[in-house]
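Asker: no sequence for this one, just the structure:
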């Protein structure tokens, strides 16, 4: 009886709505699902990402039930768009949980749903999500293979296109191509400046000016431009919401890296240590990776180098296990 009660608690509301929506989903339900997808896309950068996995999958399951009924064309298109957004959120969660293989599959599913919806913008967002994986695997040529075919099509300006140019800029910098880096980071800035203002907003479905500065800082670190990296990191931190769980910490690592390159290891250590100990920082796959890369800029025999190795010893990547899902839907 207890098991049946729990099952009813989980599935009851969705079963009722499924009956009510049979044949034609209501406008109120569509608006609610669209709102939930946007909310999750913004919240996922504010909390430990895996804490949203169950909620996101539950929303996704409800949308899939509606899609199976083959709604009217306009509703079917809107539902496919919601699927693209929710699948992108799942990809973000899995990427940050160090589940790169699963994240790749979810980003591809998001791209397929965006195609079904006829939404090129969300397709570009999914492509940007996929580009995280070779970026943090330090495979810059693979990043370029992901983003250049789309950029060579000359897409109209949008935050998503600005994001793709940002990935290209970081990849060129990792390859030591300063000219291509400068061209790509400027293209990213131009694409964002020419985007519709209403499309520039927080969360994973857009791209903000401070993120361009963050990507510029990383590129300049890779190119050995310590002064330029420090200036770009300062611009980024001046505008970031410092309660975000990941990117402010990554920007601090770029600042710390610039300081190390400029011959200030003690100050570099202080800034990097602050990045990992900030109570808002989630030790995602990207944060842990960047912390390990920062170690290469310190003399391992020095006091700061030894102290940073102790920090790394206590800095564990996120638990790669996937949280238990709610009871099966019937």
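Answerer: Happy to help now that I have it. Because the structure is predicted, anything quoted here is derived from the model rather than measured.
Asker: list the contacts for the most centrally placed residue in the chain?
Answerer: With the centre of the chain defined as its mean C-alpha position, the nearest residue by C-alpha atoms, centre = their mean is residue 92, 5.1 Å away. Residue 92 makes contact with 44, 49, 103, 129, 204, according to C-beta atoms under 8 Å, 6 or more residues apart in numbering. No exception for glycine: its C-beta is placed from N, CA and C like everyone else's.
Asker: Look up how far residue 305 lies from it.
Answerer: Look at residue 92 and residue 305: by C-beta to C-beta, to the nearest Å, they are 33 Å apart.
Asker: With residue 67 instead?
Answerer: 54 Å.
Asker: and what of residue 50?
Answerer: For residue 50 relative to residue 305 (C-beta to C-beta), the value is 32 Å.
Asker: Neighbour count: the two, which is higher?
Answerer: Shown here are residue 50 and residue 305; by other C-beta atoms under 10 Å, residue 50 has more neighbours (21 against 16).
Asker: Report the residue ranges of every domain in this structure.
Answerer: 28-118, 120-209, 226-319 (automatic domain parsing).
Asker: possible to save the ones you listed as TSV with mean pLDDT and distance to residue 216?
Answerer: Shown next, in TSV, are these (pLDDT from 0 to 100; distance: least, C-beta to C-beta, whole Å):
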stretch	mean pLDDT	distance to residue 216
domain 28-118	92	20
domain 120-209	97	5
domain 226-319	94	4
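Asker: Adding distance to residue 219, write those out as JSON lines.
Answerer: As requested, those are exported to JSON lines (distance: least, C-beta to C-beta, whole Å):
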{"stretch": "domain 28-118", "distance to residue 219": "21"}
{"stretch": "domain 120-209", "distance to residue 219": "3"}
{"stretch": "domain 226-319", "distance to residue 219": "8"}
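Asker: mind checking which helix or strand the residue nearest to the centre of the chain is in?
Answerer: helix 73-96 (DSSP states H and E).
Asker: State the next helix or strand along the chain beyond that helix.
Answerer: helix 100-117.
Asker: List the contacts of that following helix.
Answerer: Residues contacting helix 100-117 (C-beta under 8 Å, 6+ apart): 77-78, 80-81, 83-85, 87-88, 90-92, 94-95, 120-123, 125-127, 129-130, 132-133, 137, 285, 322.
Asker: separation between residue 312 and residue 298?
Answerer: According to C-beta to C-beta, residue 312 stands 11 Å off from residue 298.
Asker: Of these two, which one has the most company?
Answerer: Neighbours were counted for residue 312 and for residue 298 using other C-beta under 10 Å; residue 298 has more, 21 against 15.
Asker: SS state for that one?
Answerer: coil (DSSP: H, G, I helix; E, B strand; the rest coil).
Asker: can you pull the contacts of it?
Answerer: 260, 265, 268-269, 304-305, 308.
Asker: Export these as CSV, with columns for distance to residue 73.
Answerer: Below are these laid out as CSV (distance: C-beta to C-beta, whole Å):
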residue, distance to residue 73
260, 57
265, 62
268, 57
269, 59
304, 62
305, 62
308, 57
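Asker: Tell me which of those fall in strands.
Answerer: Using DSSP state E, no member of these falls in strands.
Asker: quick one: contacts of stretch 140-157?
Answerer: For stretch 140-157, contacts defined as C-beta under 8 Å, 6+ apart pick out 120, 124, 127-128, 130-131, 134-135, 161, 164-165, 167-168, 170-172, 174-175, 187, 190-195.
Asker: From those, keep the buried residues only.
Answerer: Among the contacts of stretch 140-157, those classed as buried by neighbour count (16 or more other C-beta atoms under 10 Å) are 120, 124, 127-128, 130-131, 134-135, 161, 164-165, 167-168, 170-172, 174-175, 187, 191-192, 195.
Asker: Which ones among those residues lie within helices?
Answerer: Among the buried ones among the contacts of stretch 140-157, DSSP state H puts 120, 124, 127-128, 130-131, 134-135, 161, 164-165, 167-168, 170-172, 174, 187, 191-192 in helices.
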